[in-house]
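> kindly return the folded structure for what I paste below:
(2 chains)
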Amino acid sequence: MEGMSTIVKKVTQLMVGPVFLYGIYIILHGHLTPGGGFAGGAIIAGAFILLLLAFGNNVINLKKEVAGSSNTESIAILIVVVMALMSLLFGAKVFFFNFLPKGEPGELLSAGMIPLYNIFIGIEVAGAILTIFLSLVIFKEESSK
Amino acid sequence: MDTLIPLFVAIPLISAFLIILLGKLVNGFHRFLGPITLLVLLIMAVYEFTGLGKSSITYAMGGWASEGGFPVGIYLVLDGFSVLMLCIINLIGLIALFYSLSYMTKYTAESNYFALFCLIIAGMNGVVLSGDLFNLFVFLEVSVISSYALVAFGIGKTELEASFKYQVLGGLASMLILLAIGLIYWKTKTLNIADVRNVLDAGYSQSFYLFVQVLLIAGFGLKAAIIPFHAWLPDAHSSAPSPISAMLSGVLIKAVGIYVLIRLFFNMFVFSHEIALVLTSLGAISMVVGSLLAIVQWDLKRLLAYSSISQIGYVVMAFGMGILLLLKGDNEPAAVLAIGGAIYHMINHAVFKGLLFLNAGSLEHRLDTRNLKEMGGLSKVMPVTSTTSFIASMSISGIPPFNGFFSKLIIIIAAINGRFYLLATLAVVVSIITLAYFLKFQRYAFFNKPAGKAIQKIREVPFPMSFSMIVLATLCLALSLLAIPSVSEVVLRPAIDVLMQPELYSPTMIGI
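Numbers count the residues shown, from 1 in each chain, chains lettered A, B, ... in the order given. Reported below is the predicted structural model:
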């Protein structure tokens, strides 16, 4: 896959930062505003995919990248399950129990466990979508050789 | 005891992702963790089974109790029927995984296989435990999507084609199911199975729910491969690696197809005569047509796949008869026999069809062919495979003293008691046809003169494979004990009770 023209590259460089930040914003405010882990994760993966499309795959090692994103994804989902299991040890001893202090409604630091779940689900979704995209690219590269 | 219930889903999930993470770093990690996971799950399932008895447990996820008689959270329900399914899923899973230890060595990316296997188990455990429709759908997708990947695991031409066909039809089925769930939610404002029943008891529009039920029959019929919806099954089940065929044919079509269909029609909807007739006739048709299609097959695994359709037909037909008898209301013992026979046959089918697919896998492992015409004379060189497959064949064709005889007998007695003479005759005739095509399999694979390759070089399969087959063959004999009334009173009765009395299905969930 070739990179695109200088104009596209330059615009992408300017755009990727805000897109990435917007994804993080959506994830962190998941318990307050519409969106959350899944939507934000998809936006973050979108930022990576945008970079990859604009600059082509000559600048990165695809195999290494896909291993990294796959590992990130597995670790994130493991943390989610372990957090759910932690509820069996603390608090009311119920799976998925929200045992952290709830805080003021409407504040960023509130709702107990939910922001934590959102963050890790965001990482998981970003990793998964990126893995799928990279696998498709690798498949295309290998079949066109 | 309560706290164990969510672990049925959480443990295989954790193992699956640990295998993906550490499988690349630690050599042979998946071979160690996979069987351990399934063993732990099986022990947990048996422990729950011994402790449960006739009661049922409702587990509120996150501690969300029902609010003013309205269930707000996600519930997992463990009762007589689901705990029986849990035992079967994890038992067949453990045996198939143990078998894979030596079967899968010829494939690459072995750790992905074990991870997907754990995911399929997590999905099925979730389907069986889930107490509300939407989570049931999510877990169903988890298990069938991993099964798409596992069917295509050989990445040859036929595997990919079979997997694609399976995905298209499976996706269609999921769409129909989701549409039906949406329609139910629209009318009843709730997704909880027990609560939907509560709403329906207060009165409902007949034609609307008939439409929903027809959608569900089509959707889950596709998953369970009842006859007009069976096109994907022979391809998918014959192209998958053999332990996966055993899982798909033995457990998956029951857990995501028959189990859900039966759970919804018995515990959620109010019985209706039309639907019962549809179920009975679909079951009878798949029973007959499946066996007729099986008899002409020369590909061993396709033969077994068509025979699955035929045996599933027995189960669906018996459940349909049970509903018809319950609706008539004057012959309850026959209804109990029909439903009990159906559950019994479902368990038996998981065991002997699992075993038959493992046998087919052993033959394929040593001969690299599935064509019956290229086999022959193997009974001397592969004694374990030959003996166990003989036991399984006799069991599935209904020869005493194996388990298949008793479950078919119970279904036939129920049909005669309930005055369904045609169905009883058909069941007997299909049983004879089944015997015919399994004798064909026995003769061409094990007793005929050897064809082609020199058979002297062929050895018996390695220990993990032969051991798994021996365990299942022993179970074929041991499960005959369920025909003894005092044993079935303990094992099958709780499941029958839950199905026959919808008010027993998790009353705590709706806060009564």
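> contacts only, for residue 84.
Assuming you mean chain A. A:95-96, B:6, B:10 (Cβ atoms under 8 Å, 6 or more residues apart in numbering or on different chains). Every residue, glycine included, has its C-beta placed from N, CA and C.
> was after chain B, sorry
Taking Cβ under 8 Å, 6+ apart as the criterion, B:Leu84 is in contact with B:49, B:343, B:347, B:491-492, B:495.
> again with B:Trp232
B:162, B:165-166, B:168-170, B:222, B:225.
> from these, which two are the most distant?
B:Ala162 and B:Leu222 (15.3 Å; Cβ to Cβ).
> quick check: buried residues in stretch B:29-46?
Residues of stretch B:29-46 classed as buried under the neighbour-count rule (16 or more other Cβ atoms under 10 Å in any protein chain shown) are B:29-31, B:33-35, B:37-38, B:40-42, B:44-45.
> what is the burial count for the residue of the stretch 301-450 of chain B found nearest chain A?
Distances between the stretch 301-450 of chain B and chain A by Cβ to the nearest Cβ are smallest at B:Asp368, namely 27.2 Å. A total of 10 residues lie near B:Asp368 under the criterion other Cβ atoms under 10 Å in any protein chain shown.
> before we move on, what about A:Phe139?
Quick note: A:Phe139 (other Cβ under 10 Å) scores 10 neighbours.
> now it: which helix or strand?
Secondary structure from DSSP states H and E places A:Phe139 in helix A:114-144.
> so which bits of that helix are buried?
A:114-115, A:117-131, A:133-134, A:137.
> please, where are all the helices along the stretch 151-300 of chain B?
Using DSSP state H, counting those that start in this stretch, the helices assigned to the stretch 151-300 of chain B run over residues B:157-188, B:193-201, B:206-224, B:233-239, B:242-247, B:259-263, B:273-295, B:300-328.
> lowest-confidence stretch among those helices?
For those, the stretch scoring lowest in mean pLDDT is helix B:193-201; its value is a mean of 84.
> ok, whatever residue of the stretch 201-350 of chain B ends up closest to chain A to B:Ala224 distance?
Proximity of the stretch 201-350 of chain B to chain A (Cβ to the nearest Cβ) peaks at B:Ser239, 20.6 Å away. Using Cβ to Cβ, to the nearest Å, one gets 19 Å for the distance from B:Ser239 to B:Ala224.
> can you pull the pLDDT of the most centrally placed residue in chain A?
Relative to the mean C-alpha position of chain A, the nearest C-alpha, by Cα atoms, centre = their mean, is the one of A:Ala126, at 2.7 Å. Per-residue confidence (pLDDT) for A:Ala126: 92.
> surely it touches A:Ile44?
Yes. Applying Cβ atoms under 8 Å as the test, A:Ala126 and A:Ile44 come out as touching, 4.1 Å apart.
> shared neighbours of these two, anything?
Between them, A:Ala126 and A:Ile44 share the contacting residues A:Gly23, judged by Cβ under 8 Å, 6+ apart.
> and chain B, which of its residues are near chain A?
Within chain B, the positions near chain A by Cβ under 8 Å from any Cβ of the partner chain are B:3, B:6, B:10, B:13-14, B:17-18, B:20-21, B:24, B:59-63.
> tell me the most buried of the helices of the stretch 151-300 of chain B?
Greatest average neighbour count among the helices of the stretch 151-300 of chain B goes to helix B:242-247 (a mean of 29), per mean count of other Cβ atoms under 10 Å in any protein chain shown.
> list the contacts for B:Ala342?
When contacts are counted by Cβ under 8 Å, 6+ apart, B:Ala342 is found next to B:314-316, B:318-319, B:322, B:411.
> so it is in which element?
In this structure, B:Ala342 is located in helix B:332-367 according to DSSP H and E.
> burial count for residue 77?
Using chain A here. 23.
> actually chain B
What B:Val77 shows, counting by other Cβ under 10 Å, is a neighbour count of 26.
> pretty sure it is touching B:Met61, no?
No. Using Cβ under 8 Å as the test, B:Val77 is too far from B:Met61 to be in contact (11.5 Å).
> B:Tyr59 belongs to a helix?
No. With DSSP: H, G, I helix; E, B strand; the rest coil as the criterion, B:Tyr59 is located in strand rather than a helix.
> who's it bridged to?
B:Leu76 (DSSP bridges).
> that one - how many residues pack around it?
Using other Cβ under 10 Å, the number of residues around B:Tyr59 comes to 23.
> got it, and B:Ala65?
Using other Cβ under 10 Å as the criterion, B:Ala65 is surrounded by 11 other residues.
> ok, now B:Pro462?
Neighbourhood size, B:Pro462 [other Cβ under 10 Å]: 14.
> correct me if wrong: it contacts B:Ser102.
Yes. Using Cβ under 8 Å, B:Pro462 and B:Ser102 qualify as a contacting pair, with a distance of 4.5 Å.
> hmm, back to that, most surrounded residue in the contacts of A:Ala84?
Ranked by neighbour count under the definition other Cβ under 10 Å, the contacts of A:Ala84 are headed by A:Phe95 with 23 neighbours.
> skip the chain neighbours and tell me the closest residue to that one.
Of all residues beyond its chain neighbours, the one nearest A:Phe95 is B:Pro6 (3.7 Å), with distances taken as Cβ to Cβ, 6 or more residues apart in numbering or on different chains.
> B:Lys449 - that's part of a strand, no?
No. Checked against three-state DSSP, B:Lys449 lies outside a strand; its state is coil.
> ok, now how distant is it from B:Ile184?
Shown here: B:Lys449 relative to B:Ile184, a distance of 59 Å by Cβ to Cβ.
> just B:Pro234 next, same as before
Applying Cβ to Cβ to B:Pro234 and B:Ile184 gives a distance of 32 Å.
> try A:Gly23
The gap separating A:Gly23 from B:Ile184 is 35 Å, by Cβ to Cβ.
> and chain A, which of its residues are near chain B?
Residues of chain A found near chain B (Cβ under 8 Å from any Cβ) are A:67, A:70-71, A:74-75, A:77-78, A:81-82, A:84-85, A:87-88, A:92-98.
> burial of B:Lys54, as a residue count?
Using other Cβ under 10 Å as the criterion, the residues surrounding B:Lys54 number 12.
> show me what contacts it?
Under the contact definition (Cβ under 8 Å, 6+ apart), the residues listed for B:Lys54 are B:80, B:493-494, B:497.
> could you say which helix or strand holds it?
In this structure, B:Lys54 is located outside every helix and strand according to DSSP H and E.
> if I look at it, how far off is chain A?
The gap separating B:Lys54 from chain A is 25 Å, by Cβ to the nearest Cβ, to the nearest Å.
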